[in-house]
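Chemist: no sequence on hand, only this structure:
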């Protein structure tokens, strides 16, 4: 675009330095730096927030007695619960018992049908029976061979005695020419043959007897194993009958006639008459502090019951671990498996301590720091602290706080990167 020519009455306007764009940018940056410098000196380099005091929960540090316990929420569970699982899949044909019934050991509770399972069992049984028959036949053959060898050896020995006796008698007659020489030669040949045959037969009998003695134990072991396999195979058919393994009460039963259930499907539960226990989930913070033998007190149907920790399961799941508690005495009647009870678990003895009320701030800081009000109570500064034991309502102070200090114990959401809180009325 061409600039218009200047007229005689026109006058060129020159910009002042502060009106130029570059100067404005430099001036803005300088102002920002100045404000940052002032903020750093006014607030000591701290990050701060303004919050209404009415929305904060405050607690005062004080001296008192720390109660070393923790709240306990547990549920009743029968001891030694036995689960009824399907050992063979199949169709439910009949159900003989229902939840709440008392059952005897070995009592049939459910009958299943599975034609393929039955055919497979029968085929395995037939193969095992055939193997047993073959081994027994071989065992019988070895015994028959032994008897035949003994008979053969006895026969040769008998022939030797008979022929020698006949030869001796005929030798006396042959001297008087009363016995033909040919007959004498025939007897002598038979006697010599049997004398040669006798040691050979004895040696053969010894070798076969040695082999038989080596094979018989192996055959017996194989027969024993096959007989056991046969019993186990026949027991497979019995798996179509779900039986009660113990005497007890059937506390749950889930089986409908006509439905098909796979192997391992759970049909129900049986509770033996062995009493009850409590099972509780405990926060993982107490994992190193809960030990076997520690006592607990719970309220059951309006009465207090004493228990002791019986077992600690160290596996942590979802931030907690499980413990079993045993009743120290008779818990009374009316307990129902699955009902919930509440009480407290005693972790140690009570003792004097500097205390702070427990609050939501622990979820964010884990007890490493807190916001403490200054003397004017108009602001709160972030301060490192040291805490010891804790329970549902108390925190044991070990450093960083003094009696009389006021601490913000409400949630520190959105305050994790703040150093100072200015409180408004």
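Modeler: Great, that's in hand. Note that the structure is a prediction, hence the values are computed from the model and not measured.

Chemist: going forward, measure contacts and count neighbours with C-alpha atoms only.
Modeler: Will do.

Chemist: what values do phi and psi take at residue 80?
Modeler: Reported as degrees, to the nearest 10, the phi and psi values for residue 80 are phi 70, psi 40.

Chemist: before we move on, what about residue 67?
Modeler: Note on residue 67: backbone dihedrals following degrees, to the nearest 10 are phi -100, psi 110.

Chemist: now it: closest residue in space, sequence neighbours ignored.
Modeler: Here the nearest residue to residue 67 in space, its sequence neighbours aside, is residue 350; by Cα to Cα, 6 or more residues apart in numbering that works out to 4.8 Å.

Chemist: now for that neighbour: which residues touch it?
Modeler: With contacts defined as Cα atoms under 8 Å, 6 or more residues apart in numbering, residue 350 is in contact with 65, 66, 67, 68.

Chemist: that one and residue 399, how far apart?
Modeler: Going from residue 350 to residue 399 by Cα to Cα, to the nearest Å gives 20 Å.

Chemist: in this structure residue 321 contacts residue 286, no?
Modeler: No. Between residue 321 and residue 286 no contact is recorded; they are 9.1 Å apart, counting by Cα atoms under 8 Å.

Chemist: could you check which of those two has the larger neighbour count?
Modeler: Neighbours were tallied for residue 321 and for residue 286 using other Cα atoms under 10 Å; the higher tally belongs to residue 321 (19 against 16).

Chemist: what about the more buried one, which helix or strand?
Modeler: Using DSSP states H and E, residue 321 sits within strand 320-327.

Chemist: what's the average pLDDT for that strand?
Modeler: Average pLDDT, strand 320-327: 92.

Chemist: partner strands of that strand, with direction?
Modeler: strand 276-283 (antiparallel), strand 303-317 (antiparallel) (DSSP bridges).

Chemist: mind checking the SS state of the residue nearest to residue 118 when sequence neighbours are not counted?
Modeler: Distances taken as Cα to Cα, 6+ apart put residue 237 closest to residue 118, at 6.5 Å, once the chain neighbours are dropped. Three-state secondary structure (criterion: DSSP: H, G, I helix; E, B strand; the rest coil) places residue 237 in helix.

Chemist: can you list the strands paired with strand 320-327 in JSON lines and add mean neighbour count?
Modeler: Shown next, in JSON lines, are the strands paired with strand 320-327 (neighbours: other Cα atoms under 10 Å):
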{"stretch": "strand 276-283", "mean neighbour count": "20"}
{"stretch": "strand 303-317", "mean neighbour count": "15"}
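
Chemist: in TSV, list those along with distance to residue 410 and mean pLDDT.
Modeler: Converted to TSV, those look like this (distance: least, Cα to Cα, whole Å; pLDDT from 0 to 100):
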stretch	distance to residue 410	mean pLDDT
strand 276-283	20	90
strand 303-317	27	90
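
Chemist: quick one: closest of the ones you listed to residue 156.
Modeler: With Cα to Cα as the measure, strand 303-317 is the member of these nearest residue 156 (79.9 Å).

Chemist: neighbouring contacts of the closest one?
Modeler: Applying Cα under 8 Å, 6+ apart, the external contacts of strand 303-317 come out as 284, 287, 290-299, 321-329, 331.

Chemist: distance check, the nearest residue to residue 327 once chain neighbours are set aside against residue 298.
Modeler: Excluding the flanking residues, the one nearest residue 327 by Cα to Cα, 6+ apart is residue 307, at 4.4 Å. According to Cα to Cα, residue 307 and residue 298 sit 8 Å apart.

Chemist: chain center to stretch 351-365, what's the gap?
Modeler: Relative to the chain's own centre, stretch 351-365 is displaced by 36 Å; criterion: Cα atoms, centre = their mean, to the nearest Å.

Chemist: now do stretch 216-224
Modeler: Relative to the chain's own centre, stretch 216-224 is displaced by 40 Å; criterion: Cα atoms, centre = their mean.

Chemist: list the buried residues in it.
Modeler: Residues of stretch 216-224 classed as buried: 219, 223 (neighbour count, 16 or more other Cα atoms under 10 Å).

Chemist: which residues sit against it?
Modeler: Contact partners of stretch 216-224, identified using Cα under 8 Å, 6+ apart, comprise 132, 135, 136, 139.

Chemist: by neighbours, which of these wins?
Modeler: Highest neighbour count within these: residue 132, with 20 neighbours (other Cα under 10 Å).

Chemist: which element is that one on?
Modeler: Assigned by DSSP H and E, residue 132 falls within helix 115-174.

Chemist: please apply the same query to residue 246.
Modeler: Using DSSP H and E, residue 246 maps to neither a helix nor a strand.

Chemist: ok, for it, nearest residue in space, not its chain neighbours?
Modeler: Spatially, and ignoring its direct neighbours in sequence, residue 246 is nearest to residue 105 (4.3 Å; Cα to Cα, 6+ apart).

Chemist: isn't the one you found right up against residue 244?
Modeler: Yes. Because the distance of 5.3 Å satisfies Cα under 8 Å, residue 105 is recorded as touching residue 244.

Chemist: have a look at the two and say which one is more surrounded.
Modeler: Neighbours per residue (other Cα under 10 Å) separate residue 105 from residue 244, with residue 244 holding more: 21 against 11.

Chemist: where does residue 109 sit: helix, strand or coil?
Modeler: In the three-state summary, residue 109 is assigned as strand, counting by three-state DSSP.

Chemist: and what of residue 229?
Modeler: Classified using three-state DSSP, residue 229 is helix.

Chemist: if I pick it, what's in contact with it?
Modeler: Contact criterion Cα under 8 Å, 6+ apart gives residue 128 as the residues in contact with residue 229.

Chemist: against residue 83, how distant is it?
Modeler: Summarising the geometry, the distance separating residue 229 from residue 83, computed by Cα to Cα, is 27 Å.
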